[in-house]
Each structure stands twice: as C-alpha cells, then as structure tokens.
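>>> From the sequence below, what's the structure:
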Amino acid sequence: MSGFKVMSLTDAAATRIKAIIADADRPIAGLRVGVKNGGCAGMSYTMEYAEARNPGEDAIEDKGVTVFIDPKAVLFLLGTEMDFQTTKLASQFVFNNPNQTSACGCGESVAITPASPERLHAPA
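Below is the predicted model:
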C-alpha cells in the first residue's frame, strides 16, 4: 500500500457504506471507487461492490470501511473527501475533490485535472 491516503470519508459516508455492504447479497470486502470518461463535463465518478482487492489498487481503511481505488483514478482522486448527503430531493454520495475544476448543471459529471505526481510523495 502507498504511503499516502488518496481519499478520506466523512462519518456519514462511512455509515452509508457500512449499510450498503451489510445489505449486499454476497460477501463484500469494500467499495471500489474510480472515474470514467463521459457526461457533459467530461468525467464521472464510479462506485461498485468489491469482493476483493484487485492488483495495483490502493486500499483505504477509514472509519471501519475499506475503499479500493482504481489505479487509473489515483491522480484524479488525490485529496478527495467522500461524503453522503441527504436533502429533500435526493440522497447521494458527494465527492469533495480539490482536483475538480468544474461540474455540469445536472451534477452527473465533472471536469477533473489530475494531481501532479509530486503530490504523491508529499507528506500527508
């Protein structure tokens, strides 16, 4: 595992992830987070159940939850805080990402500039 923490979780995000894993229909080791190309702003966040850690993935342990980071997403997610918010209209995971430069109006996609490789070696 790397010497830095790519992401952190708020208490609300950790609680929601624990609930999702508890309700899964199969054994789940954690949640896998990544990014993919698409949407009107260029990229979107991805999340899926993870039954095991894939080769090359960072595993983040935070507040009793394991989050696996897709290796292609590390530079896009560096320094991100994952939250879970509930409003009158929606309940959703929210990524507070310092690398995000803009978002589309519908909130489904974002523009993200990868962090510089130098940040990988900076002290946490």
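
>>> Just want the most central residue of the chain.
residue 33 (4.4 Å; C-alpha atoms, centre = their mean).

>>> wait, isn't it in contact with residue 47?
Yes: taking C-beta atoms under 8 Å as the definition, residue 33 is a contact partner of residue 47 at 5.5 Å. Glycine gets a C-beta too; all of them are placed from N, C-alpha and C.

>>> that older thread, is the residue nearest to the centre of the chain in a bridge, and if so with what?
For residue 33, the beta-bridge partners under DSSP bridges are residue 47, residue 69.

>>> Does the closest residue to residue 30 other than its chain neighbours belong to a helix, a strand or coil?
Residue nearest to residue 30 in three dimensions, not counting chain neighbours: residue 66, with 3.3 Å by C-beta to C-beta, 6 or more residues apart in numbering. Here residue 66 is strand, with the state taken from DSSP: H, G, I helix; E, B strand; the rest coil.

>>> Which residues does the longest helix seen in the chain contact?
In terms of residue count, the longest helix belonging to the chain (DSSP state H) is helix 11-22. Contacts with helix 11-22, where a contact means C-beta atoms under 8 Å, 6 or more residues apart in numbering, come from 9, 28, 30-31, 49, 62-65, 67, 82-85, 93.

>>> try it again with 7 Å
28, 31, 62, 63, 64, 65, 82, 83, 84, 93 (C-beta atoms under 7 Å, 6 or more residues apart in numbering).

>>> burial of residue 22, as a residue count?
Residue 22 has 8 neighbours, counted by other C-beta atoms under 10 Å.

>>> roughly how far out does the longest helix of the chain sit from the chain middle?
Computed by C-alpha atoms, centre = their mean, to the nearest Å, the chain-centroid distance of helix 11-22 equals 13 Å.
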